[in-house]
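A.B. asks: Turn this into a model:
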Amino acid sequence: MIAMVLRLQPLPDELDRSYLGALMRVNALATEEEVRTHLATLDDSAALPWRRNPTLKLLSTAAGMDLAGFVMNHTTLPLRRSITSYMPDLAHGCDSNLVLIHVSGKRSCREGAYLCPDCVWEDVDFHGRSYWRRAHQLPGVYWCGKHRAPLAVVKDERAFLQPPSQALGQSARIDGAWVDTLQQHPTVRRFLDLCDTLMDRTHAFPVIAARDALRAAARTHGFRTYATKAATACADPLLSDALVDGFPSSWLAQLVPGLPAKARGRIWHQVDGVLWTATSASAATIYILAMAVLFDSADAAIQAIEGAVIAPRQPLRVRSPNITDDAAREAYVQTLASHARLQRSHPAGWYPLVQAQLKLGLPGLPHAQSGGLWTAVKAFFLEGRSLADALALAAPHQAAFEKVLLGAGSPLAMALREIVSTPQEATRGKPRIRARLSALDATGLIDKPVQNARGGAEDSRVGRRPLRAQAH
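C.D. replies: Below is the predicted model of the structure:
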């Protein structure tokens, strides 16, 4: 028989994992599964599968809150889902899509568990227990907004299930001089302001609206705003290069690993693609970085995207009619192979006809049929003359004759490309990589271990499974 569940109120800005750990300790439970089993008795949902009864829903019930309110106040989902192509009209934490809550609700923004030692002891004195603050876990945040002091970090994220006061002995302080530099950097501050603003929004922005607003701003800066088939050198200024120039490289490397080291002028699709992709090919963090560079303030960026949501979208182009091969060939014969004559006879739909003809290997020929080019074409294709004879007849239009041959061979060329092409390693849609703590170690930004200011013993059990309840 399951004992009665002891419930707690989550503390202000307490991270969902921290609240889960507090419930584990007060109920003397060891694992998340045990907590789920006990919490399910509160609303008789024990028989439901996890996908229809996610842990966040159970935590909201224990907290006496609706699911949307719990998600908005105790998870990082509002930021991670702030710009999305998947159901953007769905409010964060809406219980009509519990699968989304189950899959992504508890994900973290970055590796490691971050804490402020000053907050830890203030919380113990004021609330009676320490807890992990959500604001300290956001991407790019390396100091406490209240105390302006560098945060400390614990590499093992299982520490979230323990109180921060027990994790101080395993934590290391972020380098203070580095943090001082970040606090004075205007673009970093703008990025963090944008994160705070997006965390307060109940709904996501559609990717298309964010793309349109960013693209309009990028055009004013002269950045490249169209796609390319390969990450080749580009003469146009790139958004990715602007990010490298606009942020401290050591800080940017934590959010987008590898970006500061990329070759200048080389397209980085994960970043530059936010100006032309219509799906969530990049994490929300990338869009926020772009906003911080392209706009002068967080308010200006948000207003631009809101305007793009409201503005009616105009079709980029009219869909081409479906032209059959027979229709394209018939028009080619009727206009005597002249694209100029075709344009005059079909002023409204000449371009799709030309494209269909070119795909069939029917290139345009001069309007007058008495010239040397026509003579050479008829000699080669109708009379079976040699290529050398045809080139002699085409003089002085040998280059034009070669273009005719290439146009006539376009179906062959298309087939050959498929035959000889080899799979290329994809450069688009790079995996969404959280910044790794090893990068902070490698750059010397993790300074030194944080001593337990209250003199308590280090908890050697942090880092082992299962994590059982501890005091404070």
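A.B. asks: contacting residues for residue 199?
C.D. replies: Contacts for residue 199 (CB atoms under 8 Å, 6 or more residues apart in numbering) come out as 76, 78, 79, 82, 138. Quick note: C-beta positions are derived from backbone N, CA and C, even for glycine.
A.B. asks: Report the two of those residues separated the most.
C.D. replies: Greatest spatial distance in the contacts of residue 199: 82 and 138, 11.5 Å, computed using CB to CB.
A.B. asks: quick one, which of those two is more surrounded?
C.D. replies: For residue 82 versus residue 138, the count of surrounding residues by other CB atoms under 10 Å is larger for residue 82: 23 against 20.
A.B. asks: Count the residues that sit near the nearest residue to the more buried one once chain neighbours are set aside.
C.D. replies: Nearest residue to residue 82 in three dimensions, chain neighbours excluded: residue 198, at 4.0 Å (CB to CB, 6 or more residues apart in numbering). Neighbourhood size, residue 198 [other CB under 10 Å]: 23.
A.B. asks: Residue 211 and residue 277 touch, don't they?
C.D. replies: Yes. Residue 211 sits in contact with residue 277 when judged by CB atoms under 8 Å, with a separation of 6.7 Å.
A.B. asks: starting at the chain centroid, how far to the helix or strand encompassing residue 33?
C.D. replies: Using DSSP states H and E, residue 33 sits within helix 32-39. Its chain's C-alpha centre and that of helix 32-39 lie 33 Å apart, by CA atoms, centre = their mean, to the nearest Å.
A.B. asks: Now the terminal residues of stretch 251-263, how far apart.
C.D. replies: 18 Å (CA to CA, to the nearest Å).
A.B. asks: in that stretch, what counts as buried?
C.D. replies: Neighbour-count burial for stretch 251-263, counted by 16 or more other CB atoms under 10 Å, picks out 251, 252, 253, 254, 255, 256, 259, 260, 262.
A.B. asks: How about stretch 151-167?
C.D. replies: Quick answer for stretch 151-167 (16+ other CB under 10 Å): 151-156, 158-167.
A.B. asks: could you list every residue that touches the residue nearest to residue 82?
C.D. replies: Neighbour list for residue 198: 78, 79, 82, 284, 288 [criterion: CB under 8 Å, 6+ apart].
A.B. asks: Out of those, the closest to residue 386 would be?
C.D. replies: Of all the contacts of residue 198, residue 386 sits closest to residue 284, with 63.6 Å by CB to CB.
A.B. asks: Look at that closest one and report its pLDDT.
C.D. replies: You'll see residue 284 listed with a pLDDT of 95.
A.B. asks: same deal with residue 121?
C.D. replies: Here, the pLDDT recorded for residue 121 equals 94.
A.B. asks: And the strands in the stretch 301-450 of the chain?
C.D. replies: 446-449 (DSSP state E, counting those that start in this stretch).
A.B. asks: where does it have low pLDDT?
C.D. replies: Applying pLDDT under 70 to the stretch 301-450 of the chain picks out residues 311-321, 367-370, 421-439, 442, 444, 447-448.
A.B. asks: quick one, helices of it?
C.D. replies: 325-334, 339-345, 350-359, 372-381, 387-394, 398-408, 410-420, 437-442 (DSSP state H, counting those that start in this stretch).
A.B. asks: Among the ones you listed, which comes closest to residue 147?
C.D. replies: Closest approach to residue 147 among these is made by helix 437-442 (20.2 Å; CB to CB).
A.B. asks: coming back round to it: out of the buried residues of stretch 151-167, which one sits closest to residue 381?
C.D. replies: So of the buried residues of stretch 151-167, ranked by how close each gets to residue 381 (CB to CB), first place is residue 155, at 72.4 Å.
A.B. asks: hang on, that closest one packs against residue 112?
C.D. replies: Yes. Counting by CB under 8 Å, residue 112 is a contact partner of residue 155 at 5.6 Å.
A.B. asks: just to revisit the earlier point, can you put the helices of the stretch 301-450 of the chain in TSV and add mean neighbour count?
C.D. replies: Formatted as TSV, those follow (neighbours: other CB atoms under 10 Å):
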stretch	mean neighbour count
helix 325-334	14
helix 339-345	15
helix 350-359	18
helix 372-381	18
helix 387-394	16
helix 398-408	16
helix 410-420	10
helix 437-442	16
